[in-house]
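J.: with the input below, show me the fold.
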Amino acid sequence: MLFTWVAVGQTKEELRIAEQGQITNRFNAAITNLGSKSIDVRLGGIYALQRIMQDSSRDHLTVVSVLATFVRDHAAIPGDGQGLDVTSKAPADIQAAMGVLGTRPPGRLEPLALDLPNTHLTGVTIVRPLLRGAQLPEAVLTEAKLSGGNLVHANLNRATLIYATLSGADLTRADLGYAYLTGAFMGGSRLANANLEWADIAGADLSHADLTSADLTSVALLGTKFTGANLKGVKLSDATRDFRAPSGTWGLSYLSHFRTYTDFTKATLEGSDLRRSDFKEARFTGARLAGADLRQADLTDADLTNADLTNADLTGADLRGARLDGAKRRGARGLPTATPPA
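T.: You can find the predicted model right below:
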């Protein structure tokens, strides 16, 4: 019995060593393929590394590191950014590498986040990507499709996400400061406590998004859609009806695709800071603005029909042409004295 037990143990050890040797050989072959001049061979190397990562948790971090390095080296944006066409899709091998990185097996220990700054990733498509904490500052993700993704704490500062699809994505506490989200599709996304200071969200669709306590100070608003969104406690002061996408990316002709008004229909803005923002022609129909700070906001020709303005402060706000039919105004300050409180 002892001999049999020892023999079985030795056999298992031999099998383990043989298996590890096979993985090593597969890994070396994949690395060799990554350096090929043929894109087809490089693609084979990328998918071989994916299979190794799936088969061996021990090699998970190594594969992630190799593919992240591949993306940084092959998709790096020139230092001055000159000559970069953000509308041209990233090559197939970059798309594949990002797909593998974004769909890596969840639940494995990863002490470091993906580090992919200043990379050209236009048109990358990843189904429900795992990009939690990913470092993507100044990355170009124009028309990227990342719906349902986990981007909690992701760093997208100054990133270009023009017409990107982030519907249903979790961007809680993500850094999107100074980012270009022009025309982005973000319906139902989660952006609680996210930073969007000075971001360009002109034409973006944020309907039914959760922006609780997010910082949208000085954002560019031009036809942004917040229908049914939760903006409770949000910082939205000094917002402008503006368009800040870099010149030469999509061209000012794309302005014609955006509505001129910002839509807050049935949005929740209770306790929000909306001071000095440009809300000309904005639609606040049925919006909840109880306790909101709208001091010195420009509400020229805005539609506040059936809005809840209870205890809101509109001192110094420009309300010329604004519609207040059916609005709840109890305790509100700064409203025209000719309008009796409802």
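
J.: host element of the residue lying closest to Ser56 once chain neighbours are set aside?
T.: With CB to CB, 6 or more residues apart in numbering as the criterion, Ser56 has its nearest non-adjacent residue at 5.4 Å, and that residue is Ile23. For every residue, glycine as well, the C-beta is placed using N, CA and C. Element membership for Ile23, per DSSP states H and E: helix 2-34.

J.: what packs against the next helix or strand after that helix?
T.: Once the chain leaves helix 2-34, the next helix or strand it forms, by DSSP H and E, is helix 39-55. If you count contacts as 3 or more CB pairs under 8 Å, 6 or more residues apart in numbering; DSSP states H and E, helix 39-55 packs onto helix 2-34, helix 60-74, helix 92-102.

J.: buried residues in helix 39-55, which are they?
T.: Arg42, Leu43, Gly44, Gly45, Ile46, Tyr47, Ala48, Leu49, Gln50, Ile52, Met53 (16 or more other CB atoms under 10 Å).

J.: burial measure for Leu335, as a count.
T.: 20 (other CB atoms under 10 Å).

J.: swap in Asp303?
T.: 23.

J.: do the same with Ala154
T.: Other residues near Ala154 number 28, with proximity taken as other CB under 10 Å.

J.: tell me the contacts of it?
T.: Residues near Ala154 by CB atoms under 8 Å, 6 or more residues apart in numbering: Leu131, Arg132, Gly133, Ala134, Gln135, Leu136, Leu171, Ala174, Asp175.

J.: got the phi/psi numbers for Arg288?
T.: Arg288 adopts backbone torsions of phi -100, psi 110, taken as degrees, to the nearest 10.

J.: start at 38 instead
T.: All right, first residue 38 from here; so that's Arg325.

J.: show me the beta-bridge partners of it.
T.: With DSSP bridges as the criterion, Arg325 is bridged to Thr305, Asp345.

J.: so it is in contact with Thr302, correct?
T.: No - in this structure, Arg325 is not within contact of Thr302 by CB atoms under 8 Å, at 11.2 Å.

J.: the two: who's more crowded?
T.: Between Arg325 and Thr302, Arg325 has the larger neighbour count (other CB under 10 Å), namely 23 against 19.

J.: I am finished for the moment; much appreciated.
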